[in-house]
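[1] Sharing a model prediction with you, sequence too.
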Amino acid sequence: MSCFEHKSNVEMEPRAPLKTPADRKNGKHVKANDIPPEGVYLPNNNIMAPHMISPEYVQLSNAAAITLGIMGGRMYRTECTRCLNLLLTYPEGCRANCAYCGLARHREADRDYADRNFIRVDWPAVPMAEIVDIVAKDPENSPFHRMCISMITHPRSEDDTFTVLKQWTDKIDPELIPVSILSNPTTMTRADVQKTKDLGADIFTVALDAATPEVFDRTRGKGVQSPHKWSKYWDIMLEAKDIFGPQKFGAHIIVGMGETESDVLHLVQELVDLGGHSHMFCFFPEQGSLMDHLPATPRDQWRRVQLARYLIDFCDVRVEQMTFDEEGRVQTYGICDAELADIIDAGIAFRTSGCPGKFQDDISACDRPYGDSPPSDIASYPFQPVKKDLKKIRKQLDIPVRIE
Ligand code: SF4
């Protein structure tokens, strides 16, 4: 029996956004003040953000900035990140309004775009040329196993993604550090997908985020005055399947936004059947987002989905071999207890999932340290879980601790 309640669609309802004053719409005041950027900009909500625009400027995750050496700081039980996550940046920011996202449009009411938190961390802004210069000095020995460009919803995002990608591949061999594109399907065409491939991208992913069309509409479509459509996301993902080929495309899915475990795992199976992969995130109520009043995904629900997703994605187990209870929760995993015990003890299933790096196919370069939980209650492990972590994971899974 689970000790937590599964939260239904109704209970995971986003709150309504506040009205944005006219002078804060579309980054108007940042553009009007036009403060020229100088070097690295560290997010600071007490000062006006400078006028920074991609492709000259990009934002990068806190973990990537620490790893790159342009910012001080330490991360709990993690020395570096293996993925250089870049984010396009504009004073107007992302024009979509996804309810779980710290970058969403409604936040222009209280924060400049460059100062917004995203997946729980700050994203410093840095000239792209500076990043390329640092990595190009020794790409072979770089801590980064992959680079990823996150497009946002903005009229310039396709063209600027091409420029940023070209700037990278002109100086850094994509065989040494491959590039992933985290796309924005809403404004993309097949030709755009093709162009990312032609310019040297290795993997193309679609941030589907929601596991069902209903959750999608409610959290990032009509329900929150956001422009995205489930069908368009699928269209672009299928173009990517065609253009990039097997194992080179995938979808991001956030677990715990009102869907059932069965919903998510059937989607994971569908992606595997198409030849792609799923990259999972545990829902966390991002501060300032339209879902910041809602509970994080209960750990038992998250662990079951992590484990079952790993079995489907990497161990040839099919969702039809698993059983679910009347609330769609995983009851059995479709393999014998001994095999299941070995997979749990290997710990990889509970690490952050995403595009692979140089270690092995089922270990993600994109480790996003503490992007979906605080270090005190880790959801996705950005490192290899050790004995004490596995003991905790087994308790969360409600599977007795193994006696060696
Ligand atoms: S499109 Fe992406 S960046 Fe923009 S609000 Fe939605 S999730 Fe956030």
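    On my side now, so go ahead.
[2] can you tell me the distance between the two ends of stretch 72-82?
    In stretch 72-82, first residue to last residue: 17 Å (C-alpha to C-alpha, to the nearest Å).
[3] Tell me the residues of the stretch 51-200 of the chain that contact the ligand?
    The stretch 51-200 of the chain comes close to the ligand at residues 94, 96, 98, 101, 103-104, 152-153, as judged by C-beta under 6 Å from any ligand atom. (Each C-beta comes from the backbone N, C-alpha and C, glycine too.)
[4] now, among those residues, which is nearest to residue 260?
    residue 98 (20.9 Å; C-beta to C-beta).
[5] List the contacts of the closest residue to the closest one other than its chain neighbours.
    Excluding its sequence neighbours, the residue lying closest to residue 98 (C-beta to C-beta, 6 or more residues apart in numbering) is residue 220, at 4.1 Å. With contact set as C-beta atoms under 8 Å, 6 or more residues apart in numbering, residue 220 has these partners: 96-99, 209-210, 226, 228.
[6] Now the two most distant members of the residues you listed.
    Pairwise distances across these (C-beta to C-beta) peak at 13.9 Å, for the pair 97 and 210.
[7] The two: which is more packed in?
    Neighbours were counted for residue 97 and for residue 210 using other C-beta atoms under 10 Å; residue 210 has more, 28 against 24.
[8] Give me the pLDDT value at the residue nearest to residue 98.
    Residue 220 is assigned a predicted lDDT (pLDDT) of 96.
[9] Then residue 2?
    pLDDT at residue 2 comes out at 44.
[10] Enumerate the residues of the stretch 201-350 of the chain near the ligand.
    Residues of the stretch 201-350 of the chain lying close to the ligand by C-beta under 6 Å from any ligand atom are 207, 220.
[11] how about the strands of the stretch 201-350 of the chain, start to end?
    203-209, 249-255, 277-282, 323-324, 330-332 (DSSP state E, counting those that start in this stretch).
[12] Output those strands in JSON lines; the columns should cover mean pLDDT and mean neighbour count.
    Formatted as JSON lines, the strands of the stretch 201-350 of the chain follow (pLDDT from 0 to 100; neighbours: other C-beta atoms under 10 Å):
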{"stretch": "strand 203-209", "mean pLDDT": "97", "mean neighbour count": "24"}
{"stretch": "strand 249-255", "mean pLDDT": "98", "mean neighbour count": "24"}
{"stretch": "strand 277-282", "mean pLDDT": "97", "mean neighbour count": "24"}
{"stretch": "strand 323-324", "mean pLDDT": "96", "mean neighbour count": "16"}
{"stretch": "strand 330-332", "mean pLDDT": "95", "mean neighbour count": "15"}
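[13] TSV for those strands, including distance to residue 308?
    Below are the strands of the stretch 201-350 of the chain laid out as TSV (distance: least, C-beta to C-beta, whole Å):
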stretch	distance to residue 308
strand 203-209	18
strand 249-255	11
strand 277-282	11
strand 323-324	10
strand 330-332	5
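[14] Those: which one's closest to residue 12?
    Closest approach to residue 12 among those (C-beta to C-beta): strand 249-255, 10.8 Å.
[15] List of residues touching the closest one?
    For strand 249-255, contacts defined as C-beta under 8 Å, 6+ apart pick out 100, 182, 203-211, 237, 240-241, 264, 267-268, 271, 275-283, 297, 301-302, 305, 355.
[16] Work out the gap between it and the centre of the chain.
    Put simply, strand 249-255 sits 8 Å off its chain's centre (C-alpha atoms, centre = their mean, to the nearest Å).
[17] Residue 106: what's it in contact with?
    By C-beta under 8 Å, 6+ apart, residue 106 lies in contact with 17-18, 20, 97, 290.
[18] To clarify, my last question referred to residue 207.
    Neighbouring residues of residue 207 by C-beta under 8 Å, 6+ apart: 182-184, 251-252.
[19] Now tabulate those in CSV and tack on distance to residue 165.
    Shown next, in CSV, are the contacts of residue 207 (distance: C-beta to C-beta, whole Å):
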residue, distance to residue 165
182, 12
183, 12
184, 14
251, 20
252, 19
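[20] Go through those residues and say which is closest to the ligand.
    Proximity of the contacts of residue 207 to the ligand was ranked by C-beta to the nearest ligand atom; the top entry is residue 184 with 6.1 Å.
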